[in-house]
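In: Predicted model and sequence follow; I will ask about them next.
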2 protein chains.
Amino acid sequence: MVSRTDDPRHLGQCNKRSDAMSPEIDLMISIHLLHETLEARIEAADLDQTVPKNDILMLIRLTEPMRMGSLAEEMLVLPSTLTAIADRLEEAGLIRRRRDPEDRRAWLLDVTDKGRALQSHIMALSAEMFRSVTGLSAAEIGALGQMMHKVRRNIIECGYTQELMK
Amino acid sequence: MVSRTDDPRHLGQCNKRSDAMSPEIDLMISIHLLHETLEARIEAADLDQTVPKNDILMLIRLTEPMRMGSLAEEMLVLPSTLTAIADRLEEAGLIRRRRDPEDRRAWLLDVTDKGRALQSHIMALSAEMFRSVTGLSAAEIGALGQMMHKVRRNIIECGYTQELMK
C-alpha cells in the first residue's frame, strides 16, 4: 500500500492549508475529527450492550475507591445523575458503596471483582483502539497526555465546566 | 486567587489517578472534556445567528479557493450535503462558485469580500477562545498542532472517516 504521506502533492496541500489557517482553528478541526472518530469507534465496538455508555464512563474512572462528590465533579455531572448511574452499576453487581474510613459520614464507590473484570476488558480494548486511531507511539502518547493534563487543569480552574454540568 | 495547581493535595490526587489509569483512557477523557468545552463556548458565543454552525465550518475552511470534492472530503460530508451548504452561503453572498482555471469542468468555491470579513471575525474570536480554554502558549499550540496533524493523517489514511460521512 502506498501511504498518502509519501505523496508529495498531498503533503504540499497539507502544508499550504496549515500556513493559511490559524493554528488554533486548525487544532479545533483536528480535535473535532479525533473526538468524532473515537465516538464512532466506541459506538461500533459495542463494548458491553448490557451497560449504557455513561455507566461505562463511570466504571473506567473507578481505578481506585472514590467519593461520590469527587467523581461527580470529575465526570461533570450533577450529583443526582451520578446517584442514578451508581444505582444501576450497583444493581448490576459491578460496583459497591462503602463507608469512607477517613470520614464515616461519606461514602466511597468501589469496583467489585465482576466490575474489575469488565473494567480491565474495556480499558484494554479502549487503549488499543486509541493507539490505532491516533497512530501515535507510546512516547508521543505520553507527551500528548502531559499537554492535555495542562489543558484539563486550565478548563477546570477557569470554571468552563459549569456550562457542561448535566 | 489561589491556583488549584498550588494545592499539593490536588496535585497528589492528579498524579495518583494518572498512574492508575492507562494513559490512553486518560487522554480520551481529556479530549472529550476539551471537545465539549469548545462546543459549549462556541454555542455560548453565538458567533453569527444568521449563519448555521455547519455553514460556518465551511466558511472558515475556505482560506483559499477549493474544489467542492476536496472540501467535502475534508469536512467529512457527502457531496449532496456540501452542495446544500454552498447554496446557502452563496445565497447569503458569503461565497461564490467559479470555474477552476486548471480544469474547466471543475468548480472552485471562493469567499467574497463580505464572506472574508465574517471569516476574519470568526477566526479571531475562535483563536482567542481556543487560547483561553486551553491555557496553552503559542509554542505549545504549535507542538500540539504538529502532533494532531499526524493524528489527522492517520485517521484519514486508515479510512476511519468512512464512519463519519453524513
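Out: All right, it came through fine. Source: prediction; values computed, not measured.
In: For whatever helix or strand residue A:118 lives in, name the packing helices and strands.
Out: Element membership for residue A:118 (DSSP states H and E) is helix A:113-134. If you count contacts as 3 or more C-beta pairs under 8 Å, 6 or more residues apart in numbering or on different chains; DSSP states H and E, helix A:113-134 packs onto helix A:23-45, helix A:53-61, helix A:138-157, helix B:23-45, helix B:138-157. (Glycine included, C-beta is placed from N, CA and C.)
In: what about 10 Å?
Out: Helix A:113-134 sits against helix A:23-45, helix A:53-61, helix A:79-91, strand A:95-100, strand A:103-111, helix A:138-157, helix B:23-45, helix B:138-157, with contacts defined as 3 or more C-beta pairs under 10 Å, 6 or more residues apart in numbering or on different chains; DSSP states H and E.
In: Could you check how far residue A:144 is from residue A:54?
Out: From residue A:144 across to residue A:54, the span is 25 Å (C-beta to C-beta, to the nearest Å).
In: Oh, that last question was meant for residue A:34, not what I typed.
Out: For residue A:34 relative to residue A:54 (C-beta to C-beta), the value is 21 Å.
In: the more surrounded of the two?
Out: Neighbour comparison, residue A:34 and residue A:54: the larger count goes to residue A:34, with 24 against 15 (by other C-beta atoms under 10 Å in any protein chain shown).
In: What is the neighbour count of the nearest residue to that one once chain neighbours are set aside?
Out: Using C-beta to C-beta, 6 or more residues apart in numbering or on different chains and skipping residues adjacent in sequence, the residue nearest residue A:34 is residue B:151, 5.7 Å away. Applying other C-beta under 10 Å, we find 20 residues neighbouring residue B:151.
In: where's residue B:151 relative to residue A:125, distance?
Out: Residue B:151 sits 19 Å away from residue A:125, going by C-beta to C-beta.
In: The residue lying closest to residue A:78 once chain neighbours are set aside: neighbour count?
Out: Nearest residue to residue A:78, sequence neighbours excluded (C-beta to C-beta, 6+ apart): residue A:165, at 5.8 Å. Residue A:165 has 12 neighbouring residues, counting by other C-beta under 10 Å.
In: now do residue A:111
Out: Count around residue A:111 with other C-beta under 10 Å applied: 23.
In: dump the residue contacts of the residue most central in space within chain A.
Out: When C-alpha atoms, centre = their mean is applied to chain A, the residue found nearest the centroid is residue A:57 (7.1 Å). Residue A:57 makes contact with A:75, A:77, A:85, A:122, B:28-29, B:32, according to C-beta atoms under 10 Å, 6 or more residues apart in numbering or on different chains.
In: Around residue A:40, how many other residues sit close by?
Out: Neighbour tally, residue A:40, other C-beta under 10 Å: 16.
In: That one and chain B, how far apart?
Out: The gap separating residue A:40 from chain B is 4 Å, by C-beta to the nearest C-beta, to the nearest Å.
In: now the residue nearest to that residue when sequence neighbours are not counted, what's its secondary structure?
Out: Closest residue in space to residue A:40, ignoring its immediate chain neighbours: residue B:163 at 4.2 Å, by C-beta to C-beta, 6+ apart. With DSSP: H, G, I helix; E, B strand; the rest coil as the basis, the three-state label of residue B:163 is helix.
In: pLDDT wise, what is residue B:163 at?
Out: As predicted, residue B:163 sits at a pLDDT of 74.
In: In space, what's closest to residue A:99 - neighbours in sequence excluded?
Out: What sits nearest to residue A:99 in space, not counting adjacent residues and going by C-beta to C-beta, 6+ apart, is residue A:107, at 6.6 Å.
In: Show me how chain A divides into domains.
Out: A:1-45, A:49-135 (automatic domain parsing).
In: right, so of the ones you listed, which gets closest to residue B:68?
Out: Each of the domains of chain A has some distance to residue B:68 by C-beta to C-beta; the shortest is domain A:1-45, at 15.4 Å.
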